[in-house]
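Novice: Fold the following, please.
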Amino acid sequence: MPINSVYYDGSQCRIYTSETSAILPSATSAEPFYVRNAGPDILVLNPIAGQTVEGVSSLQMAKNDCFLLVPQGDNWVAALYSQDKLTVDQLGFTKGAGGTVTQTGTINSAVTLNKPCGRINLVTHDFSNNDIQAFTLNNSFIEVDDVIIISLRDGDAKLYTQVTITTDGSCQITVGDAHNQSTGDLDVVINFAIIKGDS
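Specialist: Take a look at the predicted model:
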């Protein structure tokens, strides 16, 4: 099956490892995406009924071929792309896919970053004495079935962080003091990455 959680330059990459054919989504109101054939066989891309790819009913991809598929009206056009840009063995996102957002206001203020991965710089806060705080990350890449991985990039050994609510377009992130001890003012930085899911 294609790997749908890899991104390059902010666009989805579909990497096929064992398939010989794949159905393209509707080109109408679609976003460009990359396709790589990492399998041993020819991969045939088939548009939906009434649409074409490169003006024909199907497009063959040899092993290690990469294409950037771009919608034009109700049809797809394809540009040959360097296969070195989309490596099969890479787990996660390619350089340039992420972004950074800095929280303003209070530790509970929402932030917005429409990237599949990135860094969140929180406002300075004292998490002493079992203090637990939550804020919302607004992100158009997030869907309710996704898994959002987060970790503390900068913080304190007494702190923990977790995602406590996931909805289409946002998630709630909690940061708390796991010990009844003083942390003092901290400039916490969180890394996150979205893994596409389905349930």
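Novice: Can you pull the domain assignment for the chain?
Specialist: Listed by automatic domain parsing, the domain ranges of the chain are 3-85, 99-195.
Novice: Lowest average pLDDT across those?
Specialist: With a mean of 85, domain 3-85 has the lowest mean pLDDT of these.
Novice: Across the sheet, point out what pairs with His125.
Specialist: Beta bridges link His125 to Leu186 when assigned by DSSP bridges.
Novice: hang on, the earlier thing: output the domains of the chain as TSV; include the columns mean neighbour count.
Specialist: C-beta coordinates here come from the backbone N, C-alpha and C atoms, glycine included. Converted to TSV, the domains of the chain look like this (neighbours: other Cβ atoms under 10 Å):
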stretch	mean neighbour count
domain 3-85	16
domain 99-195	16
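Novice: Could you find the closest non-adjacent residue to Ala22?
Specialist: Leaving out its chain neighbours, the residue that sits closest to Ala22 by Cβ to Cβ, 6 or more residues apart in numbering is Leu45, at 5.7 Å.
Novice: isn't Val53 right up against Phe67?
Specialist: No - the criterion here is Cβ atoms under 8 Å, and Val53 misses it with Phe67 at 9.2 Å.
Novice: what sits against the nearest residue to Asp154 once chain neighbours are set aside?
Specialist: Spatial nearest neighbour of Asp154, excluding adjacent residues (Cβ to Cβ, 6+ apart): Val189 at 4.0 Å. By Cβ atoms under 8 Å, 6 or more residues apart in numbering, the contact set of Val189 is Arg119, Ile120, Asn121, Leu122, Leu152, Arg153, Asp154, Gly155.
Novice: Give me the contact list for the helix or strand that the fifth one is a member of.
Specialist: The secondary structure element spanning Leu152 is strand 147-154 (assigned by DSSP states H and E). Outside of strand 147-154, the residues within contact range by Cβ under 8 Å, 6+ apart are 119, 137, 142, 159, 161-163, 166, 171, 173, 187-195, 197.
Novice: what about 6 Å?
Specialist: Thr161, Val163, Cys171, Val189, Ile190, Asn191, Phe192, Ala193, Ile194, Ile195, Gly197 (Cβ atoms under 6 Å, 6 or more residues apart in numbering).
Novice: so can I have JSON lines of the contacts of Val189 showing distance to Pro25?
Specialist: Formatted as JSON lines, those follow (distance: Cβ to Cβ, whole Å):
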{"residue": "Arg119", "distance to Pro25": "31"}
{"residue": "Ile120", "distance to Pro25": "31"}
{"residue": "Asn121", "distance to Pro25": "35"}
{"residue": "Leu122", "distance to Pro25": "37"}
{"residue": "Leu152", "distance to Pro25": "37"}
{"residue": "Arg153", "distance to Pro25": "35"}
{"residue": "Asp154", "distance to Pro25": "39"}
{"residue": "Gly155", "distance to Pro25": "40"}
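Novice: which one among these gets closest to Thr17?
Specialist: Here the nearest of those to Thr17, counting by Cβ to Cβ, is Arg119; it sits at 30.6 Å.
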